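1. sequence first, predicted model second:
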Amino acid sequence: MAAATSTFVPQSNWTQPVRAKDVETPGSSLPPKYTDEAALSIVVQDYERASAWLEDRRWPLDWTSSDILYQSPRMLGVFEGSGVTRANVSRFTVAKQVNSLAPAITGAIFFNDATPFEIRPRPNTHQDTARAWKELISEKLDEIHFKQEMSYGIQGMVNQGTVIFKGGWETITEVQTHYKRKEAPPTVPMPLGRSMPIYTAESDEFEATDVEITRNRPTFEKCELGTVFVDPQWASPSQIWKAKWIVHEMYLDYEDLKQLRNNPEYDIPSDEQLRAAFMEDTEIPEGISSTEQAMLANTSVHHAERPDFEWSEDPLKKPMQVLEWWDRTQVRVVLQKKIVIRNGQHGLGEKPFFSANYWDIDNAGYGMGVGRIAGADQRVEQGMLNSLLDILAFAVQPEYAVARGANVPTQDQRRRLGGIRMVDGADATKAIALVAQPQVPPDAWRAIQSVVASAEGATGADQATVQGSIPGRGSSIVRSGTGAGIVGQASSTRLQSPVERVIDGVFLPYLRFVHRMIKERMPISEIREILADRTEDLAPDFQDFMDSVIKFDTLAGTRLAAKNKMAQALPFLLEVFGNQALVQQLSETGYKVNAMELVNMVLEMSEWKNKRDLIVPMTDEEKQMRQQQSQAASEQSSKSALLNQKQQGDMQLEDKKIAGRIATQTIKQTHQAAIESPLDRAASFAERTADERQMQGSQYYSGSNT
């Protein structure tokens, strides 16, 4: 067996052009196939050309300038012809605005929500399926710290104008420690309720067991500008996937390359050859691109060291350059510009890169950030302020004029309180005098304030809801609710454009990418386990789960108004669907109200996550008690119905008797009135007349007719 060489043997010369014999076109429905020699030439030459184009168009210069303005390092300078240091106070206009705008954009996207997106199911997809997808994707985003990585990228986007993220999928095997009780605690039956456990020393002992678990999860990382090289013809802002190809430069050590061997799509050199290349000093790491060198050349700003430098005595930590070339269907990976370790289809559906701009530029993929927009204002403010401080320095360190020929000290002497200095001549004030000091122009301070206001107005960092302050003195806009609403609306409108670019360029495309990868690469058993850990009542039909067609939407910016309206309408919906007349009508037409769906709507709007503890299944004892209560209620209801029926019959019978008696009495009175004679009526009239006369003769009679 031949001994392993200590360097990687180049497969070919990457400067050679790709020839027709190196390309195979199997058919119109299949992508072309390239030999490893052709793949090596394509990857390295595209990388070199894209790096040269970036440097030629001065993109790294703009990014570096924004970086310098953000950190605002101090540059020491002295007055001409002296050792006196000039004023050099740092100003952080760009940094202040970046740290005002970036948190506002991040807050608008996530809005204090662990799951800042909604899933709208299509008509053929059940709502429970959409809810299960939301829980599953939320779990995966939490696992990879998606919010933290997005926040880091948004800060870079606001400053430098563009951010690029890279997604992916990985399968990892990790060892988890599980603890099992050695002996179960004995229990004592209780008269009421469950048995009570009795804990002993033996039952408190646990046994640790290591278990290997394989997990599938997405990946998401921010790529530093200067490490991603895009097709120079890319002209679609915030849509990097529209570029024809992308090259990503990385540096991996021995362990990183060894891990890639677990992926069958990679052809990593043998472990013996790999170890020899790292252990010997003959394989020198390829240096970073000229673009990245230009961005890291300034030592006055603070950053991590160049990735191609060796900073560990461990030879296996030596960084080796890896270039990844991506297009819509294929990926090619080159190690040290010498050997191809991957050449084939990636199966991701699209290039796994996502981008967003703060301000777009016409016919350009890259954008402008605060460093470029407000950089000139910071330079003016810093230069003017330092000039003013230089003028003020003359007042505290004045300059003296000495008459030529006067008997004065020829060397510098320290002044002292109460000191006497001898000079010749009658008038000492004419021998030594203070030189007239320059005055600070009053307009200079107003000019500084104008520059600061101009910078904040251009970037949108002057709004009250962004910086947490109201407009300056003399403004009355926030004294009324209408004015405060106008100020808040102005800030939201100013930030809405970059928020939408992040959502449309990064957030939603990445959610769709994760949804597709879960369908294609995650086992159902793992999905079921994750959903069971999140909540017990999410047990979707997995046929519907895999066939589901869903639409992602976010809750950021103007889209947040939709959620606010939903929350406002929720009490009205609860009142409507709690109407018993409506429920009865729905029942008569063959429909019913899903109470659990109403509960889910309430909890989702209120952001409560304790549904598992709020709504729990009944225990067997509770079910039995409920059944007994139902039977007792049914029996009582039957008895009440019989009693009511008997009482109703008795009441009806009594009503008939009363009606009969009334009829009899009426007939009797009518009959008596009919048979009364004229003589009887005359006797009655006479009797009435006698009674009236007797009453009028009484002493108590008042003469009233009543």
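-> Thanks, I have the structure now. Numbers count the residues shown, from 1 in each chain.

2. quick check: which element contains residue 80?
-> Assigned by DSSP states H and E, residue 80 falls within no helix or strand.

3. enumerate every residue touching it.
-> If a contact means CB atoms under 8 Å, 6 or more residues apart in numbering, then residue 80 has no contacts. Just so you know, the C-beta spots here come from the backbone N, C-alpha and C atoms, and that holds for glycine as well.

4. and it, how far is that from residue 640?
-> 109 Å (CB to CB, to the nearest Å).

5. do the same with residue 223
-> 76 Å.

6. of those two, who's got more company?
-> Neighbour count, other CB atoms under 10 Å: between residue 223 and residue 640, residue 223 has more, with 20 against 10.

7. now the longest strand along the chain: mean pLDDT?
-> Across the chain, the longest stretch assigned as strand under DSSP state E is strand 162-181. The average of the pLDDT scores along strand 162-181 is 90.

8. just stretch 121-140 next, same as before
-> If you average the pLDDT over stretch 121-140, you get 84.

9. next: stretch 211-230.
-> Averaging pLDDT along stretch 211-230 yields 93.

10. can I get that stretch in PDB, CA atoms only?
-> Taking only C-alpha atoms (Å, rounded to 0.1, in the frame of the first residue of the first chain), the coordinates of stretch 211-230 have been written out as PDB:
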ATOM      1  CA  VAL A 211     -29.100   6.700  24.700                       C
ATOM      2  CA  GLU A 212     -28.100   7.600  21.100                       C
ATOM      3  CA  ILE A 213     -30.800   9.600  19.400                       C
ATOM      4  CA  THR A 214     -30.800  10.700  15.800                       C
ATOM      5  CA  ARG A 215     -32.300  14.100  15.100                       C
ATOM      6  CA  ASN A 216     -33.200  15.900  11.800                       C
ATOM      7  CA  ARG A 217     -33.300  19.600  11.800                       C
ATOM      8  CA  PRO A 218     -32.800  22.700   9.500                       C
ATOM      9  CA  THR A 219     -29.900  25.000   9.700                       C
ATOM     10  CA  PHE A 220     -29.800  28.800   9.400                       C
ATOM     11  CA  GLU A 221     -26.700  31.000   9.600                       C
ATOM     12  CA  LYS A 222     -25.800  34.600   8.600                       C
ATOM     13  CA  CYS A 223     -23.000  34.700   6.000                       C
ATOM     14  CA  GLU A 224     -20.500  37.600   6.400                       C
ATOM     15  CA  LEU A 225     -20.300  39.900   3.400                       C
ATOM     16  CA  GLY A 226     -17.300  39.000   1.300                       C
ATOM     17  CA  THR A 227     -17.700  35.200   1.900                       C
ATOM     18  CA  VAL A 228     -20.600  34.800  -0.500                       C
ATOM     19  CA  PHE A 229     -19.900  35.400  -4.200                       C
ATOM     20  CA  VAL A 230     -23.000  35.800  -6.400                       C
END
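
11. just to revisit the earlier point, who does the longest strand of the chain touch, helix- and strand-wise?
-> Strand 162-181 sits against helix 146-160, strand 206-223, strand 353-357, helix 508-521, with contacts defined as 3 or more CB pairs under 8 Å, 6 or more residues apart in numbering; DSSP states H and E.

12. what residues does the first one touch?
-> Okay, so that is helix 146-160. Identification of contacts with helix 146-160 by CB under 8 Å, 6+ apart yields 62-63, 66-67, 70, 94, 98-99, 101-103, 105-106, 109-110, 141, 163, 165, 220-222, 225, 356-358, 369-371, 498, 502, 506-507.

13. can you check the shortest one too?
-> Under the criterion CB under 8 Å, 6+ apart, residues 157, 161-167, 223, 228, 237-241, 246, 248, 326, 365-368, 498, 501-502, 505-506, 509-510 lie in contact with strand 353-357.

14. now for the nearest residue to residue 12 once chain neighbours are set aside, how many residues are close by?
-> Nearest residue to residue 12, sequence neighbours excluded (CB to CB, 6 or more residues apart in numbering): residue 37, at 4.1 Å. As a burial measure, residue 37 scores 19 neighbours (other CB under 10 Å).

15. cool, residue 630 as well?
-> 10.

16. check residue 188 too.
-> Residue 188: 8 neighbours (other CB under 10 Å).

17. that one and residue 103, how far apart?
-> Separation of residue 188 from residue 103 (CB to CB): 56 Å.

18. check residue 267 too.
-> For residue 267, the distance to residue 103 equals 45 Å [CB to CB].

19. same check on residue 438?
-> Counting by CB to CB, the separation of residue 438 from residue 103 is 42 Å.

20. which helices and strands does the longest helix belonging to the chain pack with?
-> Longest helix in the chain, counting residues (DSSP state H): helix 620-675. The contact analysis (3+ CB pairs under 8 Å, 6+ apart) places helix 620-675 against no helix or strand.

21. next one: it to chain centre, how far?
-> Offset of helix 620-675 from its chain centre (CA atoms, centre = their mean, to the nearest Å): 68 Å.

22. from residue 233, how far out is the closest residue to residue 235 other than its chain neighbours?
-> In this structure, residue 235 finds its nearest non-sequential neighbour in residue 363, 5.1 Å apart by CB to CB, 6+ apart. Separation of residue 363 from residue 233 (CB to CB) stands at 10 Å.

23. same question for residue 258.
-> Distance from residue 258 to residue 233, by CB to CB: 37 Å.
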